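Undergrad: The following comprises the amino acid sequence and a computationally predicted model.
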Amino acid sequence: EPFHPPSGGGSAAAIYLVRELVARGHEVDVYGPWIPDQAAVEARFGIRLRPFTRWRMGRTTPLRTPKYLAYPKALERWVRRCVEDGARHDLLLAQHSISAVAAGSLRHRLGLPVVLNLLDCLTGFLETWPRYLMPRSVAAALVRYELSLPRRCGADGVLAVSDALRERVVAEGYPAERVRAVYYGYDGALFRRPEGAGG
């Protein structure tokens, strides 16, 4: 999704992370879909936007699912091109599973450390589809694939939105000591797990 304005929890988390990184003195380049007011957003957040312009992206874009499926490879090519043209990075921080696919490939190609920020299990919603559209075995395989991305790409670290998501990533073989639950958007005083409730 475009970096600004936020269109949901994931894009709001991206803004939060960018603000925190800039406040700590980091130079931040944001790779993502094109936005119309690029110069104003760059000035407001103290960042450099490197907009993806091959096709329109966003929650309401036509042909959203095919575009989202093609986006990781196209994003990977865009980042590589920027690096070839002189962009310098010390770390790639991938927001959500879609960009995690690109970041994993870039880790191997560019030799850069990669941290994945996983805000949910994107494929989990497929389990709610009717069986004739999404057989349970296929939905389960897609969820396992998504949760195994940190292990498969050799991510150097993972931020998970909750303990439950952290546990699922670890269950797929990723080292527990390299995953941190960050509880973005979570208020423990309001949302308490009932005594004896399972994960």
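TA: Great, that's in hand.
Undergrad: Tell me the buried residues in the helix ranked longest in the chain?
TA: What stands out as the longest helix in the chain, according to DSSP state H, is helix 64-84. For helix 64-84, the neighbour count (16 or more other C-beta atoms under 10 Å) marks K67, Y71, P72, L75, E76, W78, V79, R80 as buried. Heads up, the C-betas are built off the backbone N, CA and C, glycines and all.
Undergrad: So the fifth one sits against A102, correct?
TA: This means E76. Yes. E76 is within contact range of A102, at 4.1 Å (criterion: C-beta atoms under 8 Å).
Undergrad: related to what we said a few turns ago, mind picking the lowest-pLDDT entry from the buried residues of helix 64-84?
TA: The member of the buried residues of helix 64-84 with the lowest pLDDT is K67, and it reads 88.
Undergrad: ok, now which ones touch that one?
TA: Contact analysis of K67 by C-beta atoms under 8 Å, 6 or more residues apart in numbering lists W55, R56, M57, T61.
Undergrad: Repeat that for L17.
TA: Here L17 is in contact with L93, Q95, N117 (C-beta under 8 Å, 6+ apart).
Undergrad: swap in V169?
TA: Taking C-beta under 8 Å, 6+ apart as the test, what V169 contacts is L118, L147, P150, V158, A160, V179.
Undergrad: Ramachandran coordinates for Q95?
TA: In this entry, Q95 is assigned phi and psi values of phi -100, psi 110 (degrees, to the nearest 10).
Undergrad: That one pairs with what?
TA: The residues listed as beta-bridge partners of Q95 by DSSP bridges are N117.
Undergrad: tell me the contacts of A176?
TA: Going by C-beta under 8 Å, 6+ apart, A176 touches R166, V170.
Undergrad: any idea how far it lies from I98?
TA: When distance is defined by C-beta to C-beta, to the nearest Å, A176 is 24 Å away from I98.
Undergrad: Then H89?
TA: Distance, H89 to I98, by C-beta to C-beta: 19 Å.
Undergrad: And for R168?
TA: 18 Å.
Undergrad: Who has more neighbours out of the two?
TA: Comparing R168 with I98 by other C-beta atoms under 10 Å, the one with more neighbours is R168, at 21 against 18.
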